[in-house]
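Student: Next comes the sequence, and after it the predicted model I'd like to discuss.
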Number of protein chains: 2
Amino acid sequence: MPTTKPRWLDDDEMRAWLAYRRMRLLLSAEINRDLARDSGLSEADYDVLSNLTAATTTTRTTATTAGTTPTGAADRRRLSELAAHMQWSKSRLSHHITRMEQRGLVRREEVDGDARGSFVVLTPQGRETIERAAPHHVHSVRRHLIDRLSPEQIRVLGEIGDVVLGPLEGEGIPED
Amino acid sequence: MPTTKPRWLDDDEMRAWLAYRRMRLLLSAEINRDLARDSGLSEADYDVLSNLTAATTTTRTTATTAGTTPTGAADRRRLSELAAHMQWSKSRLSHHITRMEQRGLVRREEVDGDARGSFVVLTPQGRETIERAAPHHVHSVRRHLIDRLSPEQIRVLGEIGDVVLGPLEGEGIPED
DNA sequence: CGCAGGTCGGTGACATGTCAACCACGGCGC
DNA sequence: GCGCCGTGGTTGACATGTCACCGACCTGCG
């Protein structure tokens, strides 16, 4: 808590803070609009799907990849494991999976060893959807963000993420 | 639309994209949590309030300032003007003002020349609230973001905002 | 004047998230 | 075997936003 006078933001700092906030508002809106138009998915849908296919390929941390699937893929993850990985609350994921299940994109499946848990499994339609969506999405992300930045700006943005997120990753989501 | 093969993101690009997305998720959550705990406000509340006091002082574009008010301030703005300035949809603002009105932070007031429109007016309690909240909020923003960044990172973040937002500012919000 | 079309806002239905229980099960100590 | 607690997940009530649409009101023009 600021016991004394607060140090207000100077012009550069304000500009940076504003940049972050405006991007959160406008850039996200734009990319999500593209995604909805091109593929009928919300960003949340896309993330879930891509984290399910990602599980099958090599380690893919984010949502902007979806290559062809190697044979014998698993396409399934425990709810809690997926929630932790995405840093979503279990509640959020559960609600969202329910909705995606009704649209036929994923389905729940029991776990053998543990009667409490369940898997989320990608349906064929889910796979089809994400594979179709991915190229458009990457294109959208490039068009609105990545391709507008210089290599230096890209590098620095990555650095900023490391510096800022480091201390936060631990604390996680409020966790139900 | 990607007619040919999509250009997937390379490692640096992916890192930058991930940084943006994780910050949107975790950093925002953290700062909002602080704000709610310290001042009982949501980020949206804070923005509205600060844009109302801002109108009274010199031109303040963002939400991280709230100095003492000069005498004879107006503390009022047209709904549509405020919505445009914040780049919120009118619907969103209208709903939100209704809720804030019920908490006594703002109130609506008729416009003389135009029977359609209304002003949003800061109540004394609203002013009190934002002035109390501001120092904590700046502190929180510094602690989680600004003070973790080097001057160069701050400068580049600002640049990124300009480059990315430039093309978007025009398009505005889906606008009801 | 009189009205066509834009502007200002408000509303209701619906989507998404959060928070706080809650339930059922698994594991462990005794 | 039993009692307890931690885990995995679900649920319902509620907050916030979006979208589509309404309605009142201005304004320019014939």
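Tutor: All right, it came through fine.

Student: Check which helix or strand the residue lying closest to A:R155 once chain neighbours are set aside maps to.
Tutor: Distance criterion C-beta to C-beta, 6 or more residues apart in numbering or on different chains; nearest residue to A:R155, sequence neighbours excluded, is B:D12 at 6.1 Å. For every residue, glycine as well, the C-beta is placed using N, CA and C. Taking DSSP states H and E as the definition, B:D12 sits inside helix B:11-22.

Student: Sticking with A:R77, tell me its helix or strand.
Tutor: Assessed by DSSP H and E, A:R77 sits inside strand A:76-78.

Student: now swap in A:S94 and tell me
Tutor: Per DSSP H and E, A:S94 falls inside helix A:90-102.

Student: The helix or strand that that helix is followed by and DNA strand D, any residue contact?
Tutor: Following helix A:90-102 in sequence order, the next helix or strand is strand A:106-110 (DSSP H and E). Yes: Strand A:106-110 reaches DNA strand D (C-beta under 7 Å from any atom of the strand) through A:R108.

Student: Now whichever helix or strand comes after strand A:106-110: average pLDDT?
Tutor: Downstream of strand A:106-110, the first helix or strand assigned by DSSP H and E is strand A:118-122. The average pLDDT within strand A:118-122 is 94.

Student: who does strand A:118-122 pair up with?
Tutor: Using DSSP bridges, the strands paired with strand A:118-122 in its sheet are strand A:76-78 (antiparallel), strand A:106-110 (antiparallel).

Student: Is the longest helix belonging to chain A in proximity to DNA strand C?
Tutor: Secondary structure of chain A per DSSP state H: the longest helix is helix A:124-144. No: judged by C-beta under 7 Å from any atom of the strand, helix A:124-144 and DNA strand C are separated, with a smallest distance of 14.0 Å.

Student: what's the angle between that helix and helix A:90-102?
Tutor: Using axes from the mean of the first three to the mean of the last three C-alpha atoms, to 10 degrees, the direction of helix A:124-144 lies 110 degrees away from that of helix A:90-102.

Student: How far away from the center of its chain is the helix or strand bottoming out on mean pLDDT in chain A?
Tutor: Across the helices and strands of chain A, mean pLDDT, DSSP states H and E gives its lowest value to helix A:43-56, namely a mean of 87. Here helix A:43-56 is found 8 Å from its chain centre; the criterion is C-alpha atoms, centre = their mean, to the nearest Å.

Student: related to what we said a few turns ago, tell me the most buried of the strands paired with strand A:118-122?
Tutor: strand A:76-78 (a mean of 18; mean count of other C-beta atoms under 10 Å in any protein chain shown).

Student: Can you mark which positions in the helix or strand following that one are buried?
Tutor: Per DSSP H and E, the first helix or strand lying C-terminal to strand A:76-78 is helix A:79-86. Neighbour-count burial for helix A:79-86 flags A:79, A:82-83, A:86 (criterion: 16 or more other C-beta atoms under 10 Å in any protein chain shown).

Student: Helix A:79-86 and chain B, are they touching?
Tutor: No: using C-beta under 8 Å from any C-beta of the partner chain, we find that helix A:79-86 stays clear of chain B, coming within 8.7 Å at best.

Student: and the gap between the residue most central in space within chain A and DNA strand C?
Tutor: Nearest residue to the geometric centre of chain A (C-alpha atoms, centre = their mean): A:D47, 4.2 Å. Separation of A:D47 from DNA strand C (C-beta to the nearest atom of the strand, to the nearest Å) stands at 9 Å.

Student: same thing with A:L82?
Tutor: Per C-beta to the nearest atom of the strand, A:L82 is found 14 Å from DNA strand C.

Student: repeat for A:H96
Tutor: 5 Å.

Student: Next, count neighbours for the spatially closest residue to that residue that is not a sequence neighbour.
Tutor: Distance criterion C-beta to C-beta, 6+ apart; nearest residue to A:H96, sequence neighbours excluded, is A:A44 at 5.9 Å. Residues contacting A:A44 under the criterion other C-beta atoms under 10 Å in any protein chain shown number 17.
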